[in-house]
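Peer 1: Structural data only, the sequence is not supplied:
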């Protein structure tokens, strides 16, 4: 016997879903953390969302054949390639998901667009604004559907925040305040993995974490027009990783190497509509595992979100009775009220982090079916990169810098 | 580019997994909430856990063929039956998952055992202790592998609690204190669905929610030997559900019917080892969606858990420095430290409710491969039913009652 | 320069306060923890509340003259007595505050009433219902003003809860659920102080902590009519306290003595109006220092309170927008909205535990000025004792017992 | 009967306190919010702290005689003056407490020093660094004891944080992150009170709230050497306050006036030892009443504090067992462990905001007795003002500015 009693509307919805929707053939480039997360999402999305084209998992691509094959057999990818160029040549691929390290995004995405493949690309879109611009232009030119994986837009609690702001329930926005804190490199003996090398990773926390909170700002409040910034690298050199661990290893080999990216990034921004923003990202906040948190203050109310409790949104409303105002903790798990939830579980039955990916891919597949870019897309990725560029420029110049 | 940098041990584990493990052919009886949750889990478990036999999803069974077929096409069940007897006759079924309403558990489970099928059964095992006893005896006689879905044992945070208690980190246990609160029938106009009818449901909150917290008590602290109890039905009659909605509908038809089960159950218990327990379950706690929370106090520390934040465990240790003691919030999401997590995501990337089911099915499949019952099994289900029986008996007698 | 900008109404109120109010001459019997807390409150109340008669701190009484004198010089008591009988003979005493151990309450209160003194008595009123009844009858006969220190009624957040319930904002009440957890005797080497000896203390956690949560239930929800209960003493004997430490010492002397009171008390209750209650108190919950917490669930909303965050009240309202419901944390610190707060500090400037005493004494002094008993008074104390008696009786009989 | 059982060491301490300590004659200039808070503290401190010289409350000074007299009669000031110059002439005044608006601090403090009075001054010390420097020099020249009311250093939880950092329990500090958020002027119709006029108030949120978090940074982590900043005024003009309300009124009169101070201030800082800091203060964060919160991340642990829960400190320790790490909530209410607490109540009995003032005044009085400046003193006030100046300069220049 089960715990709950509501259901039913879902199957009706399912019955009405477009039966004639064509399947979409997908290729995934990358097979590490994001490769796994996306594989899981492709294998899940069709089971949960009936109004979604079925993704046919045609091919997964990785340089290390054994690794790619393991992921293929695990998640049901039909074939394996070790060259992304070969993937783009395949006729049986409609859409390419780029989940590689950042320095490969541009080259692959531009080539994919030229090959007429739709593209879903991990964030940040490029390692620089120039790269992102080239990607955007290639996508527009090729008339492909292009999306970027700012997956935290697809948290039901964040989508509720978006609707509340659009409904005017927060009034005029004055403050956006976000930080994304992690702690996985506090130990100075943690090796100098590729993410700590600028030539490969582009930047450190800025592109990895900063890109997310900048996107949430743009999504929820508006454009970031000008920034002042501080970047810092606390540990200037680290042991090289053990050779046989590849780029992802966490044990060390011989010798030291310089850390050439930021360990943290702090910046202030002037936003559309006169609001102000504060932003902070770091990998040196012990105890903060995935602490992507934001607060928005408007003339009628406030919102607070924390990814470590991703099903929850805190809301303060000035419209509440004067003796009973306070931040309330909304569980965004109510069918009929909160995005995507009808397709999941009853109220109070929490969903996990991976479904930020499931929902992102759901939106991308629907967009491919429609032939229109989803939100967020390469336009957003480009603007995002421009803001990150301005942050780096300001950190170097010591002055406010415009974002484009 | 992704957010995180740790991975790798997982694939090595995978490589070492038993390659020769045989697939297990599974049948699922039931296709509503639990049917969906279990279907999702069977389709997920092999992708996440490499050391798990692959479940082959042979057949799903439901009285309503259209409903069962929808679930089959959605989750990849190979065939559909409308008669559970027919399922048990099939040679291509190794194990049967019983996710029906409670009054069918006994009949199906006993027949399945006789047919030599392994059985995983939803909770409570029977609608009475006598039913559960019959099921247990049949399972033992048939030498099948038998499990019961007390899925909250398979929350990583709960498994951490278990380990901490076994390690002696809490010392001698004095108190177990649990409640499972929901709010979905507070509205008196909510219809008299089958769950509110004793002839079908056996009991109300007691079997639905009480069974879970009794199981957590038995798992974490020990046996419940004696109880005193109070059951209450706040709304004595309700509108009948609309006929065309079936048993699960939430809209009303004509006429009223009596509510014949408990709306809440409160009980106190004397536990093994001299500890005392307090238990409370209700469907009348507005704002509590799935508030399954417990606190354990021992001579060296305390633990607190809440299913609405299922990745978290609170822990107070008397061994901390005297000026720095306090309840700490552990995210049970650290690979290498917390159960199952190596197979999921990096620290701070939360998993959702549905994986309490994934983990339960993972343990069941491994147990089938080994030929030994997993924990919890029908022994636990039987003891659980005996305790629920004693609660009902005490509520009627006004006295303390022993649990067997 | 200060942090805040609102004030002003207060002084106007002050100007309008009754100028002709007579001072009240107060005697305090007891000089330990409660003696100190009450002394502080008497010396504070007039400074904060302008519409309150001034308490003239005439005399403090304690068996140990040195201890009483120390407290007198510290808080400004004008004189010291070592015999409470002598206090009652004094003509310059209008009101007597009884802050002794419980077994002296009845004798002193009855004598004080006979002497025509108004009485404020610590809780529980008597050590038994019979004692409390005798006190109540003596007070009525003598037409004195009588109050009992259930000080948690005077937390602004609790008074807000009371108003919300009276306003109907919670609708019909279904559940009251409270616990008061502490941890100061978990160590088996903690000495057998007088509080652990029934002949002196009457009971253990039941009278000390249980009396408080029973009072909150009666105040907020209604009468407790019938109970079933469990009392337990985990540590059956303890070292005697060191002789030179007096009754309050925490170091041990030679020899062991039996613990003759309850270490914890758990009980369930049937309440007025069909609601049900669960109650639990213990001194064996490590990490819980003063965890007096309650939850109330009604047909329209829920409330949660925890004394460890005494300025806060959590409230869930079914009237909130369906997509934005959740427990909100109200800081009961808004002038003009929350009880007593106008006299304290701006919003968000928290008050401390001691002002539960200040407010209780404020209400008592106003009541003495009016010549009418405040709430709560000896009637409440008597009903409270009757419920505690029924709890003990049920724990002994193993059956439900009526409370009078 | 009372709730608790520990006490006793306190009175022994009291007995040993210096019996020969001389009383200190105090004058208070200012009688509004801070005047009231300080009056309360002076009347409390001697009752709670036995090792503190007794403050004799000689005179309170305010321009409005009626207001000052009301405060005098309420808190027991022996006399009233309406001219601060007259106060400084009095022979019976040892120490002057300056609780006026900021633009009067310098003039009064310099004159007081010249008159040989010890000075305790509200924050910020001056309205500019130049003013503060003049005050500091005058104090040094006159060899008086000088203190500044950065009262949040005197929260027991903050003092615990300080000790933990000094003990090395956080390791090397990387991040300081603080914000102080309030919401009392979100309504555009809230009047243009003096605090919103630069000529009187010096600055807006920066001096009022920013001064506090800068002080906490300097106290806990270290000096702020360089800043980049953003100041914003969201509401450019407001209604004038009603004339008869004086500077503190909250109702409006006729006409509008420009707001000439900042509504919010955001800044980033480079700190001693290579740490980085982020700072944000605003009066436009709805729901945040007194949200003075900070987080510190070091190489061994992290701390979090929030003034709205001022008895609590959150602590994460990398030294905890790897499977049981998490932020723990310490109640800084343990006698023998946490500053000042022995003099207050048992564990879990929270103290209120006002005692940040009581403790500050306690430290000041002890310092006067010793003849040495307490911490923090005018040196701290001066450095604080220099940092605030640099923030304003950076906001104007658009560049990083050094703090002196």
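Peer 2: Yep, that arrived. None of the values given here were measured: they were computed from a predicted structure. Numbering: from 1, shown residues only, chains lettered A, B, ... in the order given.
Peer 1: Quick one: neighbours of the closest residue to chain C within chain A, just the number.
Peer 2: With Cβ to the nearest Cβ, the shortest gap between chain A and chain C falls at residue A:328, namely 3.3 Å. For the C-beta atoms, the positions are set from N, CA and C on the backbone; glycine is no exception. Counted with other Cβ atoms under 10 Å in any protein chain shown, the neighbours of residue A:328 add up to 25.
Peer 1: quick one: contacts for it?
Peer 2: Residue A:328 sits next to A:314-316, C:316, C:320, C:324-329 when contact means Cβ atoms under 8 Å, 6 or more residues apart in numbering or on different chains.
Peer 1: now swap in residue A:268 and tell me
Peer 2: A:227-229, A:276-279, D:228-230, D:266-268.
Peer 1: How about residue A:153?
Peer 2: Here residue A:153 is in contact with A:159, A:162, A:215-216, A:219, A:360, A:375-376 (Cβ under 8 Å, 6+ apart).
Peer 1: and what of residue A:216?
Peer 2: With Cβ under 8 Å, 6+ apart, residue A:216 has these contacts: A:150, A:152-153, A:158, A:178, A:294.
Peer 1: residue boundaries of the strands in the stretch 201-350 of chain A?
Peer 2: A:224-232, A:237-241, A:252-258, A:264-271, A:276-282, A:291-298, A:301-306, A:312-317, A:326-331 (DSSP state E, counting those that start in this stretch).
Peer 1: quick one: secondary structure of the residue nearest to residue A:67 when sequence neighbours are not counted?
Peer 2: Nearest residue to residue A:67, sequence neighbours excluded (Cβ to Cβ, 6 or more residues apart in numbering or on different chains): residue A:31, at 5.5 Å. Secondary structure, DSSP: H, G, I helix; E, B strand; the rest coil: residue A:31 is coil.
Peer 1: where does residue A:31 fall, phi/psi-wise?
Peer 2: phi -140, psi 20 (degrees, to the nearest 10).
Peer 1: all helices for chain A, in order.
Peer 2: Ranges of helices in chain A, per DSSP state H, are A:9-16, A:33-48, A:65-75, A:84-89, A:105-114, A:129-142, A:156-166, A:198-201, A:205, A:211-220, A:354-370, A:378-397.
Peer 1: Identify the residue spatially nearest to residue A:198, adjacent ones excluded.
Peer 2: residue A:260 (3.9 Å).
Peer 1: from memory that neighbour sits against residue A:196, does it?
Peer 2: Yes: taking contacts as Cβ atoms under 8 Å, residue A:260 lies within contact range of residue A:196: 7.2 Å.
Peer 1: Which residue, neighbours along the chain excluded, lies closest to residue A:127?
Peer 2: residue A:202 is the one closest to residue A:127 (Cβ to Cβ, 6+ apart), at 3.1 Å.
Peer 1: For the residue lying closest to residue A:363 once chain neighbours are set aside, give its distance to residue A:187.
Peer 2: Sequence neighbours aside, residue A:374 is the residue nearest to residue A:363 in space, at 4.5 Å (criterion: Cβ to Cβ, 6+ apart). According to Cβ to Cβ, to the nearest Å, residue A:374 stands 39 Å off from residue A:187.
Peer 1: Would you mind telling me which of the two has more residues around it?
Peer 2: Using other Cβ under 10 Å as the criterion, residue A:374 and residue A:187 rank with residue A:374 on top: 23 against 13.
Peer 1: which residues does that one contact?
Peer 2: Going by Cβ under 8 Å, 6+ apart, residue A:374 touches A:145, A:147, A:363-364, A:366-367.
Peer 1: number of nearby residues for residue A:372?
Peer 2: Neighbours of residue A:372 (other Cβ under 10 Å): 11.
Peer 1: Thought residue A:146 was touching it, still the case?
Peer 2: No: in this structure residue A:372 lies outside contact range of residue A:146 using Cβ under 8 Å: 10.3 Å.
Peer 1: Contact partners for residue A:348?
Peer 2: Contacts of residue A:348 were listed using Cβ under 8 Å, 6+ apart, and they are A:331, A:333, B:182, B:288-291, B:307-308.
Peer 1: per-residue confidence at residue A:204?
Peer 2: The confidence metric pLDDT takes the value 96 at residue A:204.
Peer 1: Let me know the distance separating the closest residue to it other than its chain neighbours from residue C:389.
Peer 2: By the measure of Cβ to Cβ, 6+ apart, the closest residue to residue A:204 outside its immediate chain neighbours is residue A:261, 3.1 Å from it. Distance, residue A:261 to residue C:389, by Cβ to Cβ: 71 Å.
Peer 1: Could you export the contacts of residue A:216 to CSV, including columns for distance to residue D:46 and pLDDT?
Peer 2: As requested, the contacts of residue A:216 are exported to CSV (distance: Cβ to Cβ, whole Å; pLDDT from 0 to 100):
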residue, distance to residue D:46, pLDDT
A:150, 60, 98
A:152, 55, 98
A:153, 59, 98
A:158, 54, 98
A:178, 47, 98
A:294, 47, 98
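Peer 1: need the contacts of residue A:374 in CSV with neighbour count and pLDDT, can you?
Peer 2: Compiled in CSV, the contacts of residue A:374 are given as follows (neighbours: other Cβ atoms under 10 Å in any protein chain shown; pLDDT from 0 to 100):
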residue, neighbour count, pLDDT
A:145, 25, 98
A:147, 27, 98
A:363, 22, 98
A:364, 29, 98
A:366, 18, 97
A:367, 20, 97
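Peer 1: The residue nearest to residue A:198 - how many residues pack around it?
Peer 2: 17.
Peer 1: before we move on, what about residue A:24?
Peer 2: Look at residue A:24: counted by other Cβ under 10 Å, it has 22 neighbours.
Peer 1: Test my guess that it contacts residue A:55.
Peer 2: Yes: taking Cβ under 8 Å as the definition, residue A:24 is a contact partner of residue A:55 at 5.5 Å.
Peer 1: so what's in contact with those two at the same time?
Peer 2: By Cβ under 8 Å, 6+ apart, the residues touching both residue A:24 and residue A:55 are residue A:365.
Peer 1: quick one: residue A:126 from residue A:165, how far?
Peer 2: 28 Å.
Peer 1: give me every residue that touches the residue nearest to residue A:160 when sequence neighbours are not counted.
Peer 2: Leaving out its chain neighbours, the residue that sits closest to residue A:160 by Cβ to Cβ, 6+ apart is residue A:332, at 5.1 Å. Residues counted as contacts of residue A:332 (Cβ under 8 Å, 6+ apart) are A:155-157, A:159-160, A:311-313, A:338-339, A:341.
Peer 1: do the same with residue A:277
Peer 2: Residue A:277 neighbours (Cβ under 8 Å, 6+ apart): A:175-178, A:217, A:221, A:224, A:268-271.
Peer 1: beta partners of it?
Peer 2: For residue A:277, the beta-bridge partners are residue A:176, residue A:269 (DSSP bridges).
Peer 1: residues from the stretch 101-250 of chain A in reach of chain C?
Peer 2: Along the stretch 101-250 of chain A, the residues adjacent to chain C under the rule Cβ under 8 Å from any Cβ of the partner chain are A:160, A:163-164, A:169.
Peer 1: Please consider this matter closed, and thank you.
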